[in-house]
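Novice: Generate coordinates for the sequence data below:
(chains A and B)
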There are 2 protein chains.
Amino acid sequence: MDRYAEYRAVARDVGADALALVPGPNFARVMGKNFHSHERPMVVVVPVEGAPAAIVPNLELGSFELVNFEGEVFDWRDQDGYQDAFDALARHLPIRHLAVEGQVMRVFVHHALARAYKGLEIIDAEREISAIRLCKTPAEIAALEDAIRLSEAALEETLEQVRAGQTEKQVESLLIQALFRNGAEDLAFGPIVAAGDNSARPHASARADYQIRPGDALLFDWGGRHGGFAADITRTVFVGHATDEGQEVYDTVLRANLKGHEVTRPGATAHDVDDAVTSVLEASPFADRIRTKTGHGLGRDVHEAPYIMRGNHQKLTPGMVFTDEPGLYEIGKFGVRIEDDILVTEDGCRSLTTMSKELRVVG
Amino acid sequence: MDRYAEYRAVARDVGADALALVPGPNFARVMGKNFHSHERPMVVVVPVEGAPAAIVPNLELGSFELVNFEGEVFDWRDQDGYQDAFDALARHLPIRHLAVEGQVMRVFVHHALARAYKGLEIIDAEREISAIRLCKTPAEIAALEDAIRLSEAALEETLEQVRAGQTEKQVESLLIQALFRNGAEDLAFGPIVAAGDNSARPHASARADYQIRPGDALLFDWGGRHGGFAADITRTVFVGHATDEGQEVYDTVLRANLKGHEVTRPGATAHDVDDAVTSVLEASPFADRIRTKTGHGLGRDVHEAPYIMRGNHQKLTPGMVFTDEPGLYEIGKFGVRIEDDILVTEDGCRSLTTMSKELRVVG
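Specialist: Residues are numbered from 1 along each chain as shown, chains lettered A, B, ... in the order given. Take a look at the predicted model:
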């Protein structure tokens, strides 16, 4: 088995003679282990044929031996800098067109490669490289379900502790502790805990200076990691009581979310799902509160293909996993979002999230 | 007050006519708020003179209003892609030489800029841009001390719960819960909890399948964030008992660590500190176990300038903060590292970490 076979094929497809992977979701999938790269470049270069080669910071050699690398390793020490290692790589493995992960590789690595390889064409093949992760294996789906299960348990525990008067930051801290208590290996992302007007910001940050009030919408967008896979769920609850408007908005978002489940099946496109879900919101009295598309793929990365939006005519196939997360956001007032993680199956779909979506009043 | 003054000066110094900031530590410092960029480019461009301009994902506009931006904003929606926004920026703000943060900006943003600005020269000014953060203000030092204090309290609580038979992953989970219980706003980085042979890997990952054994060295490299600032501390303890070799190695590393405190003062260079610290290790019977330089700057980023290593003749000045973290690592056997966070003062230095460094046996 050549663990690089799919990557060599992508390199060929985009007209490159090699493909570079840097620490991140693709690197983790191929190498079976991830690294933190920070200020130290680390790159695995896979040619369309023959042995790969790698640039590895000297102090990572002890960890890198765990990946059972098949090719030449060019290590470098902080004292000496990394350019010599890139130059040695260039002498060892001639390349003229290199496919890279544009959303993961940083500019300083791009520049080090360009300095080592005169006239190198660097091709952003993020989409093609990450497409290899589109359809999840049964083992990957099991890891996702583990991540989702522990995340749901963590929110359940947190909701029992929420009270009016707490700050968003306090509730965020409770949620994070609950995630790790329930077995999360990491956060999938910094969770969103947003009350009142802050819930109308799709990517809100929890505030230390806002005390949650009765009648507030309280939005949680959170997830833990397990086995390298990320959960990404949203539930919106109300504190003390829900206003009439809150209930009506909630019901609208829930109907849109359920529509997403209804239309997801192999052969439907990402466009079809977003169109069906967004049409429910558009037909409501709250159409002017639409701020986002329906969702995104989910796996090793919290945001990955397929992106569930109008204009994306990518066909859904069994094994794809994506979020179904319609929302309505009234700036300065409140927002509601409900987000499930959906697996495309042979004959339709299955929701990996199982937590109740009935309107819930807490505290 | 022009919050961009230092950044305009850097752009001028490196021969650029503008400077770009993407979400990360510099962006957070200038804008007073950070963002998660993921697959969505977000850039603030600051020309050497005149109003800045920004590219902002449409769904972040509600959060971006919190930064009170002074210039034109070019927003874009997922459905349309981001290139049009970059093209509009190029028409609005002509640039020929652009300074960027090479360790933060990713290749897909580099490419979007290059497509929008024909013939643009992109200059990696990471070092110059981040140098603006070198000397910490009293408020920043207070934030660092908060982060360190809560991190030390978290380890203290964790050490009381450690027992032989637990896995590294279980202990890691206890430590992370303790960090958030003690008020961490985020992890500064995924903590290292490494026992036995794993402690010999400077950047080890906690294992779910290794049970901590009596006699093991148990290394913790951890830190929480507070007020945007990161703690980064290491303590190595022994489980049940320390072997004679363990004690001897520990004493050697501690002497090297203390030497770092001793030689740190304004006017000394980063080279001087690493040289003094590493010389202690080199004079010991364990010189072949040296694997890393002495340390790195610490602030909004866990790894930043000044890098404390031989060959770096940067002078230390009051307000700089860096780690003093000598270690000795015997591959396949065990490692010891002791890491403090040191502030350079007017007449010497002050350790921001205050937790005991006496050899400690736990469990």
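Novice: In chain A, which residue is most central in space?
Specialist: Among the residues of chain A, residue A:302 comes closest to the average C-alpha position under CA atoms, centre = their mean, at 0.9 Å.
Novice: Assign it to helix, strand or coil.
Specialist: Three-state assignment for residue A:302 (DSSP: H, G, I helix; E, B strand; the rest coil): coil.
Novice: Do a quick rundown of the helices in chain A.
Specialist: Taking DSSP state H, the helices of chain A run over residues A:5-13, A:25-31, A:61-64, A:83-92, A:107-116, A:126-131, A:138-159, A:168-181, A:244-263, A:270-282.
Novice: Run a quick check on the residue nearest to the centre of chain A versus residue A:189, I expect a contact.
Specialist: Yes. Between residue A:302 and residue A:189 a contact is recorded at 5.1 Å, counting by CB atoms under 8 Å. C-betas here are computed from N, CA, C, even on glycine.
Novice: Next, show the common contact partners of the two.
Specialist: Residues touching both residue A:302 and residue A:189 comprise A:223, A:230, A:232, with contact defined as CB atoms under 8 Å, 6 or more residues apart in numbering or on different chains.
Novice: Could you measure from the closest residue to the last one other than its chain neighbours over to chain B?
Specialist: If you skip the residues right next to it in sequence, residue A:232 has residue A:223 as its closest partner in space, 4.5 Å away by CB to CB, 6 or more residues apart in numbering or on different chains. In this view, residue A:223 and chain B are 13 Å apart by CB to the nearest CB, to the nearest Å.
Novice: returning to what we had before: which of the helices of chain A comes out lowest on mean pLDDT?
Specialist: Between those, the one with the least mean pLDDT is helix A:61-64; it has a mean of 89.
Novice: so, in contact with chain B or not, it?
Specialist: Yes. Under the criterion of CB under 8 Å from any CB of the partner chain, helix A:61-64 makes contact with chain B via A:62-63.
Novice: So which other helices or strands are in contact with that helix?
Specialist: With contacts taken as 3 or more CB pairs under 8 Å, 6 or more residues apart in numbering or on different chains; DSSP states H and E, helix A:61-64 sits against strand A:72-76.
Novice: Can you tell me the strand partners of the strand it packs on and which way each runs?
Specialist: strand A:53-57 (parallel) (DSSP bridges).
Novice: any idea of the mean pLDDT for the partner strand?
Specialist: The average pLDDT for strand A:53-57 rounds to 97.
Novice: Also stretch A:209-219?
Specialist: For stretch A:209-219, mean pLDDT is 97.
Novice: Now the terminal residues of that stretch, how far apart.
Specialist: 17 Å (CA to CA, to the nearest Å).
Novice: And it, how far out from the chain middle?
Specialist: Averaging C-alpha positions (CA atoms, centre = their mean, to the nearest Å) puts stretch A:209-219 27 Å from its chain's average.
Novice: what do you get for stretch A:221-238?
Specialist: Its chain's average C-alpha position is 10 Å from that of stretch A:221-238, according to CA atoms, centre = their mean.
Novice: And that stretch, end to end?
Specialist: The stretch stretch A:221-238 measures 15 Å between its terminal residues, going by CA to CA.
Novice: Also stretch A:129-138?
Specialist: Taking CA to CA, the first and last residues of stretch A:129-138 lie 21 Å apart.
Novice: Quick one: residues in contact with it.
Specialist: A:6-7, A:10, A:19, A:21, A:25-26, A:29, A:99, A:101, A:103, A:144, A:297, A:299-301, A:304-306, A:317-321, A:343.
Novice: can you check stretch A:61-80 too?
Specialist: For stretch A:61-80, contacts defined as CB under 8 Å, 6+ apart pick out A:31-33, A:35, A:40, A:44, A:51-59, A:82, A:84-86, A:88-89, A:92-93, B:200-205, B:291-293, B:307, B:309-311, B:329, B:331.
Novice: how long is it end to end?
Specialist: 16 Å.
Novice: and stretch A:40-58, which residues are buried?
Specialist: Buried residues in stretch A:40-58, defined by neighbour count with 16 or more other CB atoms under 10 Å in any protein chain shown: A:40-48, A:52-58.
Novice: What of stretch A:186-200?
Specialist: Going by 16+ other CB under 10 Å, stretch A:186-200 has these buried residues: A:186-200.
Novice: cool, stretch A:265-274 as well?
Specialist: Residues of stretch A:265-274 classed as buried: A:265-266, A:268-274 (neighbour count, 16+ other CB under 10 Å).
Novice: Can you tell me which of the residues you listed lies closest to chain B?
Specialist: Taking CB to the nearest CB as the measure, chain B lies nearest residue A:274 of the buried residues of stretch A:265-274, at 8.7 Å.
Novice: dump the residue contacts of the closest one.
Specialist: Counting by CB under 8 Å, 6+ apart, residue A:274 makes contact with A:293-295, A:308-310, A:312.
Novice: can you put those in JSON lines and add pLDDT, neighbour count and distance to chain B?
Specialist: Shown next, in JSON lines, are those (pLDDT from 0 to 100; neighbours: other CB atoms under 10 Å in any protein chain shown; distance: CB to the nearest CB, whole Å):
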{"residue": "A:293", "pLDDT": "93", "neighbour count": "23", "distance to chain B": "5"}
{"residue": "A:294", "pLDDT": "97", "neighbour count": "27", "distance to chain B": "10"}
{"residue": "A:295", "pLDDT": "97", "neighbour count": "27", "distance to chain B": "11"}
{"residue": "A:308", "pLDDT": "97", "neighbour count": "30", "distance to chain B": "10"}
{"residue": "A:309", "pLDDT": "95", "neighbour count": "20", "distance to chain B": "5"}
{"residue": "A:310", "pLDDT": "95", "neighbour count": "17", "distance to chain B": "6"}
{"residue": "A:312", "pLDDT": "95", "neighbour count": "18", "distance to chain B": "8"}
